[in-house]
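Engineer: Mind looking at a prediction? Sequence and model below.
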Amino acid sequence: MAEFTIRIPRVSVAISEAELIDLLVAEGAHVQQGEPLFIIATDKAETEVEAGASGTVHWTGTLETVYEIGAEIGEIRPAG
Amino acid sequence: MTADRTVGVSPEVQRRLYELMTLMKAADDRLSKGIASGELQCVYWPPRGQEAIAAAMGVCLRRDDQLVTNYRGLHDLIGKGVPLVEIYGEMLGRQTGSSRGKGGTMHIANPECGVMLSTGIVGAGPPVAVGLAMAAQRKGLDRVTVASFGDGATNTGSFHEAANMAALWDLPLVLLCQNNQYAEMTPTEHTMKISQVAHRAGGYGLPGVRVDGNDPLAVVAALTEAVDRGRSGGGPTLLECVTFRFRGHYFGDPMAYIPPERLAAALEADPIPRFRSRLRLAGICSEADLDEIEAAAVTAVEEALTAVLTAPGALVDELDRDVYADPRNCPA
């Protein structure tokens, strides 16, 4: 299976950007699909984002940075 | 709620209802998972929980019968036979979309399947459906039009104008209210004095019927009657199907306004597991049959999504196509 790109999700209708406020899985650690992966904040709410795939997490995004919806902030590489 | 009107729905039709309901659920689940993880970028108003109503439409309507639905229309579109590749394609802005990717989630139409309009404006659909039903009547066609909308839409002026005209002219129309108990973030009891949307029908001189919208057989029975009435010249019906939406108004809605016990009770009445056990207890489907139906739905959804994600994005050329007869002759 190919790498899964971690992106800032569209968690609400009328938003164009969100701030990356917490990483819940460390660089190089393993995550299971569906486990909490990171937290973003919009003007409405803070939202916990689940991993969209299982594998080893590699971050490219930086905390306390505002990203456009859809921006890449890392990837999940399949194990093995 | 009505008495048992479910006698006479054949085992084949009941199986088809479950196939449609599981396909609607699988399509919603995959889209929700994709949006939540950032994999898919689109706006979405989830109908999860309302599948029984749309599945009933799927087995009661002919292909040439027409439908006007709204932004919370994924289930209605599947029920009316719009291919998933066209629905997902439109939501994700791809050329496989029913409007070649330029319409978006709120504006999905497929006239070949009878889906004439999805509207993003609450209450905007019924008057358009009146026009479609009037056209069928004037042309002497025996097709029926269904306008699908929520409880909130019945508080808009356009709904009342539409109901009045449809009744006055005996139009072949079904005003299908999917009462999911919330108008965006406001519970129905805070937006209307009456206890049943169906009671509004009396004000216009048309039949008003209320059924359990989580029971596909009850909806089939009531909708069959309403469609037959319209097709045979008996005029319109207001059909209220009481249901719930499990994922809130828009995708990502934190649903802080829904009391937890109300949501828990609604989830307990999820139409899909309920109908699943009914089919098994009635001996219509075995456990293995049901598992197979669910697996087939997931496979169909994955295949459609793969086709959409590998398709090219909407073209800039599309922006003004279909807006004017010939955009080159119209000043921008």
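Structural biologist: Cool, got the structure.

Engineer: can you map out the strands along chain A?
Structural biologist: A:4-7, A:17-23, A:30-31, A:36-41, A:46-50, A:55-59, A:65-68, A:72-77 (DSSP state E).

Engineer: Pairing partners for the fourth one, with directions?
Structural biologist: Under the criterion DSSP bridges, strand A:36-41 sits next to strand A:17-23 (antiparallel), strand A:46-50 (antiparallel) in its sheet.

Engineer: Any buried residues in the first one, and which?
Structural biologist: Read it as strand A:17-23. A:18-20, A:23 (16 or more other C-beta atoms under 10 Å in any protein chain shown). Just so you know, the C-beta spots here come from the backbone N, C-alpha and C atoms, and that holds for glycine as well.

Engineer: Could you do the last one as well?
Structural biologist: Taking 16+ other C-beta under 10 Å as the basis for neighbour counts, the residues of strand A:46-50 that come out buried are A:47, A:49-50.

Engineer: any weak-confidence spans in the chain?
Structural biologist: Picked chain A for this. Confidence mapping of chain A against pLDDT under 70 gives the ranges A:1, A:80.

Engineer: wrong one, chain B
Structural biologist: Looking at chain B by pLDDT under 70, you get B:1-7, B:326-332.

Engineer: need the helices for it, in chain order.
Structural biologist: For chain B, helices defined by DSSP state H occupy the ranges B:11-37, B:51-60, B:74-79, B:84-91, B:125-139, B:157-168, B:216-231, B:260-268, B:271-281, B:287-309.

Engineer: how about TSV for these, with mean neighbour count added?
Structural biologist: As requested, the helices of chain B are exported to TSV (neighbours: other C-beta atoms under 10 Å in any protein chain shown):
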stretch	mean neighbour count
helix B:11-37	21
helix B:51-60	28
helix B:74-79	28
helix B:84-91	24
helix B:125-139	20
helix B:157-168	20
helix B:216-231	23
helix B:260-268	11
helix B:271-281	16
helix B:287-309	16
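
Engineer: closest one to A:Gly61 among those?
Structural biologist: Each of those has some distance to A:Gly61 by C-beta to C-beta; the shortest is helix B:11-37, at 14.5 Å.

Engineer: center of chain B, which residue is that?
Structural biologist: B:Asp76 (2.8 Å; C-alpha atoms, centre = their mean).

Engineer: Now for that residue: which residues touch it?
Structural biologist: Residues in contact with B:Asp76 (C-beta atoms under 8 Å, 6 or more residues apart in numbering or on different chains) are B:47, B:54, B:57, B:67, B:69, B:115, B:148.

Engineer: swap in B:Val82?
Structural biologist: Contacts were defined as C-beta under 8 Å, 6+ apart; by that measure B:Val82 touches B:98, B:108, B:110, B:113, B:115.
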